[in-house]
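Participant: Structure, please.
(chains A, B and C)
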Amino acid sequence: MTQLEEITVDEIKHLVSARALQGETMLLNMGPQHPSTHGVLRLLLELDGEVVLNCIPDIGFLHTGIEKNMEAKTYEKAEVMTDRLDYLNTMGNNLVYCMAVEKLVDLDVPPRAQAIRVIMTELQRIASHLVWLGTHGLDLAAMSVFLYCFREREIVLDIMEMCSGQRMMTTFFRPGGLWRDVPAGWEEAVRNFLKIFPDRVRQYERLLTNNPLFKDRTQDIGVIDAETAMRWGLTGPTLRACGPALDLRKTRPYSGYERFDFEVPTHTKGDVYARYLVRMLEFTQSLRIIEQALKKLPGGAWRSDDRKFVPPPRAELGVSMEALIHHFKLWTEGFLAPKESVYTAVESPRGELGVYLEGDGGPKPHRVYWRTPSFVNLQALPVLAKGHMVADLVAIIGSIDIVLGDVDR
Amino acid sequence: MADHRQTTLQALQEKFSAEASEFRGDPRLIVSPSQIREAARLLREQYGFEYLSGLTASDYWPQYNPRFHVVYVFSSFQHNCRLEVRVPLADEETVLPSISAVYYSADWQEREIYDMFGIRIADHPDLRRLIMPHDWEGYPLRKDYPLGYEEVQFTFNVDEIDLRKPKPTE
Amino acid sequence: MGVEQKLGNLGVVTARLEDVINWARTGAMWPMLFGLACCAIEMMASQASSYDMSRFGMELMRASPRQSDLMIVAGRVSRKMAPVLRRLYDQMPDPKWVIAMGDCASCGGVFNNYAIVQGVDEIVPVDVFVAGCPPRPEALIHGVMTLHEKIKTEKIKEWA
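Facilitator: Residues are numbered from 1 along each chain as shown, chains lettered A, B, ... in the order given. Below you'll find the predicted structure:
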């Protein structure tokens, strides 16, 4: 543990303008502990009065060493760590990791598992957008939105707890399918949620969308055009608000998304208000997907049968010798993966979430790299924030919707 | 979609005399460090790969030559495809040219591989540690860097581990 | 107690100074916003409508350490964040308490590696540990209640 050391201006001289070195502009530290930075993000602001000339992010305060830690565990046991990256999109992290493992070892996923994965991921998307909306509203001094959003989120978390026993860090998807089948009463709970939620979305829109105070604070703030945005690697609603309809669920469908009919909302302006509108429209699209998936939910197996990779159910252990051997091998050593690499990506509520997984012939991964959307989206913050005031900076950070677990891994 | 990928792959293979391989339907190209900047520029300007999805490295210690493989994943929106390019680095002294002038998002991702693996990047606008504290020694994701874990405390060793743990001095 | 019976209903209550001070301290304890990671979301959920912490006096979450008395370390503390944590703890005025919320703050949690401080009690003295990954909002509120009970047993001669 190092002591706190003063960083002198020499070390960041190449990043700040000459006016700062002469003392004309002010260098302000928006520290790791701040109510509006959505986590432990440190920003070094160069201010000319209230106007931000340059903003230098300093990240790493939540670095957990997940990638290295996953190299020390077997494929199935390492999945526990995946929830804790982007902790608002836990099902999505599990999904992309399981998809990468399945691609690496060529494991099949039964259709019932695929459909339930889609439903749970879309519910998770709604829950994540609710937290975004709540905290964004809170930053812009609309506190009632925060309380309403968390009330709805409790319903979604109850559904997740029903399936897996845990509200947030579920680890419900496993390589080959699901951990176990959904319990009785799950379908009814999801249908109840589908019945009440559209009205709640209309409530939020009544509070914010045509609110002159909200529009004043968010229109024409943090504008970026589509070509620059793509060059900076922005993905997700941040990019869709600038124009391109880039949504991995439509362009490179996975887990059965090609069977569902939904739209990808876009906008052209590229400012904070446009990103807000895109995310609000995504609520209704997610509800559409869940409804279609629930109507056509197939029955059958919920996890693959391939015993080389999937442990057998405990009831079989007493009667079958092969089941016992498979169980023993899978839980002590783990399954072996070939010495190859795959890259799989899904659409998280923040953008393109990808896993680059490399095996080395053994039971533990050789390298797991997480291409996290918040890490790449945060790079564009100096570009978005230039010329705005400090209060607008808060709105911009909220609109990019970063999660620091994603950024620092 | 798949044809565009094949044409790009073949064109680049001829231009850089690079080798190509495929796994589970995803082709990848292996180029040398001196060629990567030109390859990135071509991919962006000529073949329509607008954004860089991922940039990472993989350490193969104790094997040297190559020790690292730097992996670039380029994505195209207009052609809806993805291409993986690998650059083998012989050892930790080999310098990798930066592609942050072509793809702006490579800025932080290259800083991250410098921070985690110690791979030196040439012509980078601001090569500093990104995620670890700025005075940290060592490069954590290398295979010869220890995981740094603490021994688990059970009842038989809880007292001796407790003596070794730092305590706040109030 | 005996005095009221002699003086009648004067609207006066007597009690020990210790009890009054401890009761006042537990009545309106303001936590400092120190949400680091996933536990912060559960802390926000316990502050929001369904599990309302302001029923227990924690109406506001003050961002400034100078205006808060309780630091709920919610989330994993990395080695880069550790000096910042200590400095914020030093900036809090007395009396101050620390709740280590979640497994990562209590003992390092799932992450036993180079980057995470194995238990925030390596850095600051902790009063209550709340287990869970992340702990349910009800578990956090139970932790806060346990802290209140711990404070009610504090004696004046320890800090006066």
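
Participant: From now on I want contacts and neighbour counts done on CA atoms only, so please keep to that.
Facilitator: Fine.

Participant: does the residue of the stretch 301-409 of chain A at minimum distance from chain C sit in a helix or strand, and which one?
Facilitator: In the stretch 301-409 of chain A, the residue that lies nearest chain C is A:G405 (6.6 Å; CA to the nearest CA). Using DSSP states H and E, A:G405 maps to helix A:404-408.

Participant: Run through who's touching that helix.
Facilitator: For helix A:404-408, the external contacting residues (CA atoms under 8 Å, 6 or more residues apart in numbering or on different chains) are A:38-41, A:59-64, A:84-87, A:372-376, A:378, B:131, C:37.

Participant: In helices, which of these fall?
Facilitator: Mapping the contacts of helix A:404-408 onto helices (DSSP state H) picks out A:P373, A:S374, A:F375, A:V376, A:L378.

Participant: Just name the closest of those to chain B, please.
Facilitator: Nearest to chain B among those: A:V376, at 6.4 Å, using CA to the nearest CA.

Participant: middle-most residue in chain B, spatially?
Facilitator: Geometric centre of chain B, nearest residue: B:T56, 2.0 Å, by CA atoms, centre = their mean.

Participant: give me the low-pLDDT residue ranges for the chain?
Facilitator: With no chain named, the answer covers chain A. A:1-21, A:36-37 (pLDDT under 70).

Participant: right idea, wrong chain: chain C
Facilitator: Applying pLDDT under 70 to chain C flags the ranges C:1-9, C:160.

Participant: buried sites along the longest helix anywhere in it?
Facilitator: Counting by DSSP H, the longest helix found in chain C is helix C:137-152. For helix C:137-152, a neighbour-count test (16 or more other CA atoms under 10 Å in any protein chain shown) marks C:P137, C:A139, C:L140, C:I141, C:G143, C:V144, C:T146, C:L147, C:H148, C:I151, C:K152 as buried.

Participant: what's in contact with the helix or strand in which A:N93 is found?
Facilitator: For A:N93, the host element (DSSP H and E) is helix A:90-105. The contact list for helix A:90-105 (CA under 8 Å, 6+ apart) reads A:75, A:79, A:82-86, A:108, A:117, A:120-121, A:124, A:168-176, A:337-338, A:340-346, A:348, A:353-357, A:359, B:24.

Participant: show me the contacts for B:K167.
Facilitator: Neighbour list for B:K167: C:D121, C:E122, C:I123, C:V124 [criterion: CA under 8 Å, 6+ apart].

Participant: same check, this time on A:R371
Facilitator: With contact set as CA under 8 Å, 6+ apart, A:R371 has these partners: A:E352, A:L353, A:G354, A:V355, A:Y356, B:S53, B:G54.

Participant: what helix or strand does the fifth one sit in?
Facilitator: Here A:Y356 sits within strand A:351-358, counting by DSSP H and E.

Participant: okay, the angle between that strand and helix A:90-105?
Facilitator: 40 degrees (axes from the mean of the first three to the mean of the last three CA atoms, to 10 degrees).

Participant: partner strands of strand A:351-358, parallel or antiparallel?
Facilitator: With DSSP bridges as the test, strand A:351-358 is paired with strand A:341-348 (antiparallel), strand A:367-371 (antiparallel).

Participant: can I get the CA coordinates of the last one in PDB?
Facilitator: Taking C-alpha atoms only, strand A:367-371 is exported to PDB below (Å, rounded to 0.1, in the frame of the first residue of the first chain):
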ATOM      1  CA  ARG A 367      -6.000 -15.500 -21.100                       C
ATOM      2  CA  VAL A 368      -9.400 -14.000 -20.600                       C
ATOM      3  CA  TYR A 369      -9.700 -10.400 -21.900                       C
ATOM      4  CA  TRP A 370     -12.900  -8.400 -21.400                       C
ATOM      5  CA  ARG A 371     -13.600  -5.800 -24.000                       C
END
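
Participant: quick one, helices of the stretch 151-300 of chain A?
Facilitator: Ranges of helices within the stretch 151-300 of chain A are A:186-208, A:212-218, A:226-231, A:237-240, A:248-251, A:272-295, based on DSSP state H, counting those that start in this stretch.

Participant: among these, which is the most enclosed?
Facilitator: Mean neighbours per residue, mean count of other CA atoms under 10 Å in any protein chain shown, is largest over these for helix A:237-240, with a mean of 30.

Participant: quick one: that helix near chain B?
Facilitator: No - judged by CA under 8 Å from any CA of the partner chain, helix A:237-240 and chain B are separated, with a smallest distance of 11.8 Å.

Participant: Report how many residues lie close to the spatially closest residue to A:G222 that is not a sequence neighbour.
Facilitator: Spatial nearest neighbour of A:G222, excluding adjacent residues (CA to CA, 6 or more residues apart in numbering or on different chains): A:L384 at 4.6 Å. By the measure other CA atoms under 10 Å in any protein chain shown, the count of residues near A:L384 is 21.

Participant: Tell me if I'm right that A:L45 and A:L27 touch.
Facilitator: Yes - judged on CA atoms under 8 Å, A:L45 makes contact with A:L27 at a distance of 5.6 Å.

Participant: okay, the two: which has more neighbours?
Facilitator: A:L45 (22 against 19).

Participant: Can you tell me the element the residue nearest to the centre of chain B falls in?
Facilitator: Per DSSP H and E: strand B:51-59 holds B:T56.

Participant: strands paired with that strand, and their directions?
Facilitator: Applying DSSP bridges, strand B:51-59 is found paired with strand B:68-76 (antiparallel).

Participant: Thank you, goodbye.
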